[in-house]
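Undergrad: Structure, please.
(2 chains)
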Amino acid sequence: MIDDFTPLFRLIENRTDEVSGRADRPISPGIQKKLAKLAAGRCTDEERRELIRLLEQQPDLILALVREIKILRESPK
Amino acid sequence: MRSDSTLLKADNTYSGRRSPPAQARDDFVLEPPDKVKDRAKDCGISDRSPDLPFIKQVLDSDESATRALRARYSAQLKATLCKRGASSTEAEDLLADLWADCFGSSGEPLLLKYGGRCPLSSWLITVVTNRLIDFKRREASRRESLRDKSGKSQTNDFEGIGNFPARQPDNALVGLLRQAVMNAFAAESPEMLLMLRLVHMYEVTQREIGRIWNWHESKVSRALESARVRIRTAVLAELHRTDPWLTLGWDDFVELSRCARELASVCELEINVQDSSSR
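TA: Down below sits the predicted model:
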């Protein structure tokens, strides 16, 4: 199936090539822990809503969430 | 602002932006290939696209490649322009301008800006669609200004052609596409946008999304598909609202979006050059 939405995101986030640079910004251990909890599906609805609000305000943190998701994906079951 | 050093010069220079005589469109005097090759190298053309070697041939003053380029794409570009809302004459005028600029009749060859990040046909379609939008908007603006002056409609009055507003840098299309996407995204909830972004930008699976939201995978799939349908509908509606004459389907929009980033980088380059030269 052709992915017709990736070009849309790339269009509005035209600095995606620099994304790896943004990922290097330090994240507080507290936020890191919350993102790990979100990735693992262990957040309450309220916690999840709060984190989504945070990710909306600081889109750089999405990369940290993606990292947590990929750690879980690669970890042995 | 374009450089004065032209690589390929039109034999019969046509000063206007509208269609030059048919004869003039095909007569180009080619400069030495080594000069063109150096410029192509300087401008960072790489071998990312299978079309790039062909473009290098064109820029290396290979007349048969130049003819082949026009022969290969002219009919497709004209058909696309007409399908998108141009009259036959407008399409021919825009194509004449495009080819003249591609070969550098009024400055640096436009083809040097092709970076190979999308197929050449898509890039040419994106550039010429941008010019169509720009032309139609300038034409509407000119008609409005004539109406304001006379107090009545003078849609067929071409006496004021000298006052036709100047062509803008190649950013009309990028602005239009971006605005349509941003408005459509703004209508979605932050959590739906995050889901879409995770799936489409970072290849997070629907199963992983389901785990985060405590949803079954099928619920994720349905929610994402509903959001995609809403966004597609909203984007096309926004385009129609902004430029009602423009006929674009979803696949057209996606193809333009794929190439728009390349066009956007060209715009930023042109804007930077303009800024530095005006200082």
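Undergrad: how about the residues of the stretch 101-250 of chain B near chain A?
TA: Within the stretch 101-250 of chain B, the residues that sit near chain A (C-beta under 8 Å from any C-beta of the partner chain) are B:174, B:177-178, B:181-182, B:185, B:190-191, B:193-194, B:196-202, B:204, B:208, B:211-214, B:228, B:231, B:235, B:250. In short, each C-beta sits where N, CA and C put it, glycine included.
Undergrad: Would you write a PyMOL line that selects the buried entries of the residues you listed?
TA: Buried members of these can be picked out in PyMOL with the line below, counting by 16 or more other C-beta atoms under 10 Å in any protein chain shown:
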select buried, chain B and resi 174+177+178+181+185+191+193+194+196+197+198+199+200+201+202+204+208+211+212+213+228+231+235
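Undergrad: All the strands of the chain, residue numbers only.
TA: Chain wasn't specified; assuming chain A. The residue ranges that make up strands in chain A, judged by DSSP state E, are empty, as it has none.
Undergrad: actually it's chain B I care about, not the one you picked
TA: Across chain B, reading from the start of the chain, the strands by DSSP E fall at B:8-10, B:28-30.
Undergrad: where does chain A have its least confident helix or strand?
TA: Here the helix or strand of chain A ranked lowest by mean pLDDT, DSSP states H and E is helix A:19-23, holding a mean of 50.
Undergrad: Leaving aside the residues adjacent along the chain, what's closest to the most centrally placed residue in chain A?
TA: Nearest to the centroid of the C-alpha atoms of chain A, with distances taken as C-alpha atoms, centre = their mean, sits A:Ile62, at 2.3 Å. Closest residue to A:Ile62 in three dimensions, ignoring its sequence neighbours and counting by C-beta to C-beta, 6 or more residues apart in numbering or on different chains: A:Leu55, at 5.7 Å.
Undergrad: my guess is that neighbour contacts A:Leu63, does it?
TA: No - contact status for A:Leu55 versus A:Leu63: not in contact, 10.2 Å apart, counting by C-beta atoms under 8 Å.
Undergrad: and these two? which has more neighbours close in?
TA: Relative neighbour count places A:Leu55 above the other of A:Leu55 and A:Leu63, with 22 against 19, counting by other C-beta atoms under 10 Å in any protein chain shown.
Undergrad: show me what contacts that one?
TA: Under the criterion of C-beta atoms under 8 Å, 6 or more residues apart in numbering or on different chains, the neighbours of A:Leu55 are A:61-62, A:65, B:190, B:194.
Undergrad: what's the answer for B:Thr126, then?
TA: B:118, B:173, B:255-256, B:259-260, B:262-263.
Undergrad: Now the two most distant members of the residues you listed.
TA: Using C-beta to C-beta, the contacts of B:Thr126 reach their maximum pairwise distance at B:Cys118 and B:Leu173, which is 13.7 Å.
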